[in-house]
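Engineer: Based on what follows, work out the 3D shape:
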Amino acid sequence: MLTIHSEQIGLFKAFMRERFVERLLGHVRNELPRTTAAISDSDLCAIIRAAVIRAGDYGVTTEWDLCRFAMYDVRLGPPFEKKPGHAWALEVLQRAGLDGVARMDLLDKRYFAPPSPSK
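Structural biologist: Sure thing, here's the model as predicted:
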């Protein structure tokens, strides 16, 4: 019988997390070339790692949603949800009754919505 020790599981998780961060690095650079041009790979990986950890605090866990969360950090500056002028993001992320997917969908809807006309 194969026995996997908790230390081995921890190492495997760390390895998979780093592979995910590396994949996200390429995706974020491809999607936001101007925004990421002046950011080194190591700095961008640090932003992505921190975003992935914070996202879990809000129930955001799927790969696509972690990617969207990290891209908000890159676009708006980490931690985007606590930056002045972005209280709307924190409100969405803390809203009860929504799962991580619904929270990210609502963030996108609010962020990418056309501005309301002035009266």
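Engineer: Where does the prediction get shaky in the chain?
Structural biologist: Regions of the chain meeting the criterion pLDDT under 70 cover residues 12, 118-119.
Engineer: Now do the helix of greatest length in the chain: which elements does it pack against?
Structural biologist: Across the chain, the longest stretch assigned as helix under DSSP state H is helix 6-31. Of the remaining helices and strands, those touching helix 6-31 by 3 or more C-beta pairs under 8 Å, 6 or more residues apart in numbering; DSSP states H and E are helix 41-57, helix 63-76. Backbone N, C-alpha and C define where each C-beta goes, glycine included.
Engineer: what's downstream of it, the next helix or strand?
Structural biologist: Using DSSP states H and E, the next helix or strand after helix 6-31 towards the C-terminus is helix 33-36.
Engineer: Can you give me the buried ones in that next one?
Structural biologist: Thr36 (16 or more other C-beta atoms under 10 Å).
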